[in-house]
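# For reference, the sequence and a predicted model appear below.
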Amino acid sequence: MASESANGTAYRPKVLLLGALLTDPRSAHTAWSTITTLADVITPTSTSRSDFIAESRSGTFDGCTITYRTFASISITGHIDAELLSALPPSLKFIVHNGAGYDQISIPACSERGIRVSNTPTAVDDATADMAIFLMLGALRNVAPTILSLRRGEWRGKVPPALGHDPRGKVLGILGMGGIGKNMARKARLAFGMDVRYHNREKLSEEEEREVGAEWVDFERLLGESDVLSLNLPLNANTRHIISTREFARMKKGVTIVNTARGAVMDEAALVEALNSGRVGSVGLDVYEDEPTVHPGLIENPQAFLVPHMGTYTVETETKMEEWAISNVRMAIESGVLRSVVPEQRER
Ligand SMILES: O=C(O)C(=O)CO
């Protein structure tokens, strides 16, 4: 980008910062400090969507060409949709999202306005797959009620939980075979001796299937054959509630379901019913339909092993994600392009 304006004065790009940078001393502060030497960083004062829209309309963000945003910044702006974009300055050309899943951003609305969007793929794979394995083991082993009973001084509880299950020899069905799905497949097969099947719109190449060690099956077979079903697909209009009452009815009775993707890929009310009826035996969840609210039927259910969206919540992974996102900001400033444009906006 130009460093001098038409009248000869020095030009500094403006970056709108939505959400907080990591505070851990090992995090990406050095990378961010290079941004602050190259650009002016504008931080909103608003704490709600309506205030943010008003703040933007007042001209505070005028001239910003890049927005860096975190997943948590949704609490300030709400979804980045056509309404929000219409309030942002026309100068905005890039939205840099720190995260793999970008369902909080309407890509068609951004494309319509000529705004390019990036995310942080691959950086999240290891940590999210580790969390999926952790949730799978916790759900299979019925540990959720015992964590609470032990702390109540009741050891394994007044009524001890049913015996758990070992993963070895069980069928793990992976719905969505991107970086996280492949990472989980390798770990489940190599470390836990599971028989891994997957369903994905695009089949892996034979070579990759061999390396990952997973067999492609159609959606119905995946539902019917899995002892554990792991959801590893992005949330979009095609995948919202892809798992609901009809799908639960096709699963093995007592199936374990793991979700580290997005809550809304599964119909949460239908899941509660399926858990209550015993159709679903146990569930390990990192994500929820209406975060940070969790369905009371899940909170109350002893077969639900629950954590609050912590899939990437490690120093190493959050740092990797932040550094990746900052490198997108840097490329946008220096070259006017993004390092990792979302697939919908890639040239084919
Ligand atoms: O990167 C993402 O999309 C996350 O959800 C982080 O947990």
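Thanks, I have it. Numbering: from 1, shown residues only.
# show me what contacts the residue in the stretch 101-250 of the chain positioned nearest to the ligand?
Residue of the stretch 101-250 of the chain nearest the ligand, by C-beta to the nearest ligand atom: Gly101 (3.2 Å). C-beta coordinates here come from the backbone N, C-alpha and C atoms, glycine included. Neighbour list for Gly101: 71, 119, 234-235, 261-262 [criterion: C-beta atoms under 8 Å, 6 or more residues apart in numbering].
# make it 6 Å
Contact partners of Gly101, counting by C-beta atoms under 6 Å, 6 or more residues apart in numbering, are 234, 262.
# that's a strand at it, yeah?
No: using DSSP: H, G, I helix; E, B strand; the rest coil, the assignment for Gly101 is coil, not a strand.
# what does the stretch 101-250 of the chain have sitting close to the ligand?
101, 124 (C-beta under 6 Å from any ligand atom).
# quick one: the strands in the stretch 101-250 of the chain?
Counting by DSSP state E, counting those that start in this stretch, one finds strands in the stretch 101-250 of the chain at the ranges 116-118, 171-175, 195-199, 214-216, 228-231.
# Pull the residues that contact the first one.
Spelled out, it's strand 116-118. 94-96, 105, 110, 328, 338, 340-342, 345.
# Take those residues and lay them out in a markdown table including distance to Leu85.
Below are the contacts of strand 116-118 laid out as a markdown table (distance: C-beta to C-beta, whole Å):
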| residue | distance to Leu85 |
| --- | --- |
| Phe94 | 13 |
| Ile95 | 9 |
| Val96 | 15 |
| Ile105 | 10 |
| Cys110 | 7 |
| Asn328 | 19 |
| Leu338 | 17 |
| Ser340 | 21 |
| Val341 | 17 |
| Val342 | 15 |
| Gln345 | 15 |
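# In the protein, where is pLDDT below threshold?
Scanning the chain for pLDDT under 70 picks out 1-10, 24-29, 348.
# Touching, Thr128 and Ile180? I think so.
Yes: using C-beta atoms under 6 Å, Thr128 makes contact with Ile180 at a distance of 4.7 Å.
# coming back round to it: TSV for the contacts of strand 116-118, including neighbour count and distance to Lys158?
Shown next, in TSV, are these (neighbours: other C-beta atoms under 10 Å; distance: C-beta to C-beta, whole Å):
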residue	neighbour count	distance to Lys158
Phe94	24	57
Ile95	27	52
Val96	27	52
Ile105	22	48
Cys110	23	54
Asn328	26	53
Leu338	22	56
Ser340	21	52
Val341	16	55
Val342	20	50
Gln345	14	56
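# ok, so of the residues you listed, who is nearest Tyr313?
Val96 (20.4 Å; C-beta to C-beta).
# so where do the helices sit in the protein?
29-38, 49-57, 74-77, 82-87, 107-112, 125-140, 143-151, 179-192, 206-212, 219-225, 245-250, 268-277, 296-299, 315-335 (DSSP state H).
# Which one's more surrounded, Thr128 and Ile180?
Ile180 (29 against 25; other C-beta atoms under 10 Å).
# Tell me who's in contact with that one.
125, 128-129, 232.
# Same check on Ser327?
Residues in contact with Ser327 (C-beta under 6 Å, 6+ apart) are Arg339.
# That one and the ligand: what is the separation?
From Ser327 over to the ligand the distance is 16 Å, taken as C-beta to the nearest ligand atom, to the nearest Å.
# Check the gap between that residue and Val96 for me.
Distance, Ser327 to Val96, by C-beta to C-beta, to the nearest Å: 9 Å.
# swap in Asn276?
As judged by C-beta to C-beta, Asn276 and Val96 stand 42 Å apart.
# Could you find the residue nearest the spatial middle of this structure?
Nearest to the mean C-alpha position of the chain, counting by C-alpha atoms, centre = their mean, stands Gly101 at 4.2 Å.
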